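>>> Coordinates for the following, if possible.
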Amino acid sequence: MLPAARRSAVNVGTDAQRQLFSFVIAAPEQTRERFRGQKLPAMIKTAASLCVHASYDTETATTVTTLRSLARRARALAEEATEHEKAIRAIVRSWRPDLLEHKGVGLIVAPTVLCAWSRPGRIHSEAAFAMLAGVAPIPANSSQTTNRHRLNRYGDQQLNQALHTIVLARICYDDATRDYVARRTAEGKTSREIKRCLKRYVARDLYRHLEAGSAPLDKP
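From the prediction side, this is the model:
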């Protein structure tokens, strides 16, 4: 529930920030001048402190009121998201803090993986965990071909996205993963195919780690 609540706060807060930025561009010159040269965080701070003066015409007063409302909403939602993150961190660290030690597994990915896995023995094998995540290729054989597979579009899509996030992080920061990508690229694999293989590796390793308690992750 906490990741969902955080995601909602982040999404609505981002919408408020976009609206504020757009309204500043369209604001009367008197108001727009106060934001000149500012980046978005500074614009939010400025907008949140705006006041309506009696000398303002209807357009300016309405613009100032709207900008102030959007800025305060964005700040409140950012604070709400931070509180959810603190609660998530406390739960993950009290449950399986070892999961956070692995590359690509952060406070948003960890609860998704943990909730999908749930407890030792609930999922009977790493292949079943991969199938749950939608990263186990499905055979698509014909009478003449026996080594074809198609993409699995079923399973827990949030878990699938979590594995995708881990893969992207490892491609950027993990030397062993980058070496694997280079080797598979030289073999003629596409970027999409390589990421599918890596997600399958990550699913296997996470399952083994969670079931074993603190076993180190394998390298692809």
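>>> what about stretch 181-193, start to end distance?
One end of stretch 181-193 to the other measures 10 Å (C-alpha to C-alpha, to the nearest Å).
>>> Contacts for it, please.
Contact partners of stretch 181-193, identified using C-beta atoms under 8 Å, 6 or more residues apart in numbering, comprise 171, 194, 197-198. Heads up, the C-betas are built off the backbone N, CA and C, glycines and all.
>>> And for stretch 87-98?
2-3, 6, 99-100, 107-108, 110-111, 114, 209-210, 213-214.
>>> Which residue ranges of the protein form strands?
All strands of the chain, identified by DSSP state E, fall at 138-139, 149-150.
>>> quick one: which of those strands has the weakest pLDDT on average?
Of all these, the minimum mean pLDDT falls on strand 149-150 (a mean of 56).
>>> any idea how far residue 29 is from the residue nearest to residue 31 when sequence neighbours are not counted?
Spatially, and ignoring its direct neighbours in sequence, residue 31 is nearest to residue 63 (5.5 Å; C-beta to C-beta, 6 or more residues apart in numbering). For residue 63, the distance to residue 29 (C-beta to C-beta, to the nearest Å) stands at 11 Å.
>>> swap in residue 116?
With distances taken as C-beta to C-beta, residue 116 is found 53 Å from residue 29.
>>> for residue 194, same thing?
When residue 194 is compared with residue 29 (using C-beta to C-beta), they lie 52 Å apart.
>>> Looking at these two, which one has more neighbours?
Each of residue 194 and residue 29 has its neighbours counted (other C-beta atoms under 10 Å); residue 194 has more, 21 against 8.
>>> ok, now which ones touch the more buried one?
Residue 194 neighbours (C-beta under 8 Å, 6+ apart): 180-181, 184-185.
>>> shaky segments in the chain?
Within the chain, the ranges that satisfy pLDDT under 70 run 138-154, 214-220.
>>> Now do the helices in it.
Residue ranges of the helices in the chain, as given by DSSP state H, are 2-26, 29-32, 40-48, 58-95, 109-117, 126-133, 157-173, 175-186, 191-212.
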